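**Q** dropping a prediction and its sequence here:
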Amino acid sequence: MTKPRNTGVALLSRREAIGRVAGAGLGIVSVLHATEDAGAAGRQSSAAPATSRSAPMSIPSWNTELKQLAPNVYAYTQGGGPGVPSSAISNGACIVGPDHWMAIDAFAAPPHTKAFLAAANKAAGKPCGRLVNTHHHADHTTGNCFFLPAEIVASEFCRQAVIKGGISDLRGRPESWKVGANELKLAPPVTTIDDHSRVTYYYGDTEVQLIPNNPAHTWGDVMVYLPQYKILWAGDIAFHYVAPAGQSAYISKWIEAIDRINKMDVDVIVPGHGPISTKKDLALMREYLETAKREARRRYDAGMSAGKAAAEIERAMSKFDSWVDPAANRIVPNVVRLYAEFNGTIAPDLPNEATRKANEDYKAAKSAGSR
Ligand SMILES: [Zn+2]
């Protein structure tokens, strides 16, 4: 489980790792090329000023699959792509050790979680002994109970928020998501790590680092880093080609968290949402957040309401219209959070009254604009 590091084992470079993986017919090279192309498309259109309407960038499609990234290391992605609604469709991982495997994140719906467990159990050939929650949101923790009796590990903030949130009732989700909902029970993290220290596990020869990086998407984000293979599970600090959901975020600090990732030795990023990709794709998400912040600041300083600002900013960010769960679903809470930063009321919980008012103003501004 937590064996001392075997320093006699040669570390694989990314190229070697990809070569070995490709040899097994499970290469990630095509994934990287696909997203690099999409990133190039996005960068070309970034020349236009943010206030003019630019054409949406083209984005890749990705599959629901367990993909081997390195020996004993797998990413589980849930599929998405152009025009595919994927709110609460998140990604996971399976890292295999001598006597059990470690999971990263449980999902929103029982059928999604069970599909991930079945695929990973089959690949690992042994039970799951540990689950890491990257943060508390329901799309990463609702399925926790299906991993028991595995140890569940997260930040202390995540543990408290999971307990406070209770069992998800999957309200508003498709009926197909609710199959097995009667089996759900509350399963909060039982081991917590503090905000300033990292934890390292050894899964055989694989070094697995848990790295807190918050506040960012929430006040309790934890990433998982495999230094030998330069692979990072960023949790929801990374949304690739999916509009970032900032309802619990501190967006300026989130940008700083992205900059910390950029300083790390990372070749492959598995985001909380979207396809497996690289720092190039993360740069696009950083641009999304920076643009939203800059546009929101101008309107805040001019005394505009958050909702009206969101309607205008949405037009200014048309480049990102092609992203899954487009701006309309996400821009209002993102601007509400930015306004809370600007007026000094930012806190871990979403200010519900401010969001309700902003949604009203947003709808009024949209209908006035379409007349
Ligand atoms: Zn998420």
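**A** Arrived safely, thanks for sending.

**Q** in the strand or helix carrying R294, what counts as buried?
**A** Assignment of secondary structure by DSSP states H and E places R294 within helix 279-301. Judged by neighbour count (16 or more other CB atoms under 10 Å), helix 279-301 contains these buried residues: 279-289, 291-293, 295-296, 298-300. Where C-beta positions appear, they are placed from N, C-alpha and C, glycine not excepted.

**Q** equivalent analysis for stretch 363-371, please.
**A** Of the residues in stretch 363-371, those scored as buried under the neighbour-count criterion (16+ other CB under 10 Å) are 365-366.

**Q** give me the contacts around that stretch.
**A** Surrounding stretch 363-371, the residues in contact under the criterion CB atoms under 8 Å, 6 or more residues apart in numbering are 307-308, 310-312.

**Q** pLDDT on stretch 301-312, on average?
**A** The average pLDDT for stretch 301-312 rounds to 96.

**Q** got the end-to-end distance for that stretch?
**A** Using CA to CA, to the nearest Å, the span of stretch 301-312 from its first residue to its last is 15 Å.

**Q** distance between it and the chain's centre?
**A** When C-alpha coordinates are averaged (CA atoms, centre = their mean, to the nearest Å), stretch 301-312 and its chain have centres 27 Å apart.

**Q** so that it lines up with my notes, have the first residue be 36 from now on.
**A** From this message on, residue numbering opens at 36, which makes the last subject stretch 336-347.

**Q** ok, residues contacting that stretch?
**A** Contacts to stretch 336-347, defined as CB under 8 Å, 6+ apart, come from residues 330-331, 334-335, 366-367, 369-371, 374, 389, 392-401, 404.

**Q** neighbours around P386, how many?
**A** Residues near P386, counting by other CB atoms under 10 Å, number 17.

**Q** and D302, by the same measure?
**A** Neighbour count of D302, defined by other CB under 10 Å: 17.

**Q** wait, it touches K265, no?
**A** Yes: D302 is in contact with K265 according to CB atoms under 8 Å; the separation is 4.1 Å.

**Q** so which strand or helix has I187?
**A** For I187, the element it lies in under DSSP H and E is strand 186-190.

**Q** strand partners (parallel or antiparallel) of that strand?
**A** Strand 186-190 has the following strand partners under DSSP bridges: strand 163-167 (parallel), strand 226-228 (parallel).

**Q** dump those strands into a markdown table; add mean neighbour count and mean pLDDT as well.
**A** Output for the strands paired with strand 186-190, formatted as a markdown table (neighbours: other CB atoms under 10 Å; pLDDT from 0 to 100):
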| stretch | mean neighbour count | mean pLDDT |
| --- | --- | --- |
| strand 163-167 | 23 | 98 |
| strand 226-228 | 16 | 97 |
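
**Q** of these, which is nearest G116?
**A** G116 lies closest, by CB to CB, to one member of these: strand 163-167, at 26.7 Å.

**Q** over to the closest residue to the ion within the stretch 286-406 of the chain: give its phi and psi.
**A** Of all residues in the stretch 286-406 of the chain, the one sitting closest to the ion is G307 (4.6 Å; CB to the ion). Dihedral pair for G307: phi -60, psi -30, per degrees, to the nearest 10.

**Q** if we can go back for a sec, how far off strand 186-190 does the helix or strand following the strand holding I187 point, in degrees?
**A** Tracing the chain C-terminally past strand 186-190 and defining elements by DSSP H and E, one meets helix 191-200 next. In terms of direction (axes from the mean of the first three to the mean of the last three CA atoms, to 10 degrees), helix 191-200 departs from strand 186-190 by 110 degrees.

**Q** tell me what helix 191-200 is packed against?
**A** helix 173-176, strand 226-228 (3 or more CB pairs under 8 Å, 6 or more residues apart in numbering; DSSP states H and E).

**Q** related to what we said a few turns ago, list the ones among the contacts of stretch 336-347 that fall in helices.
**A** 330-331, 334-335, 366-367, 369-371, 374, 389, 392-401, 404 (DSSP state H).

**Q** tell me how far the longest strand seen in the chain lies from the chain's centre.
**A** The longest strand of the chain (DSSP state E) is strand 266-274. On the basis of CA atoms, centre = their mean, strand 266-274 sits 5 Å off its chain's mean C-alpha point.

**Q** kindly report the same for stretch 195-204.
**A** When distances are taken as CA atoms, centre = their mean, stretch 195-204 is centred 19 Å away from the chain's centroid.

**Q** coming back round to it: the strands paired with strand 186-190: which one's closest to the ion?
**A** Using CB to the ion as the criterion, the shortest distance between the ion and the strands paired with strand 186-190 is 14.1 Å, found for strand 163-167.

**Q** just want the angle from the closest one to strand 266-274.
**A** Between the direction of strand 163-167 and that of strand 266-274, the angle (the same axes, to 10 degrees) works out to 40 degrees.

**Q** using PDB, write down the CA coordinates of strand 163-167.
**A** In PDB, the C-alpha atoms belonging to strand 163-167 read as follows (Å, rounded to 0.1, in the frame of the first residue of the first chain):
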ATOM      1  CA  CYS A 163     -10.200  -0.700  -5.100                       C
ATOM      2  CA  GLY A 164      -8.600   0.200  -1.800                       C
ATOM      3  CA  ARG A 165      -8.500   3.900  -1.900                       C
ATOM      4  CA  LEU A 166     -10.500   6.800  -3.400                       C
ATOM      5  CA  VAL A 167      -9.300  10.400  -3.700                       C
END
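
**Q** many thanks, have a good one.
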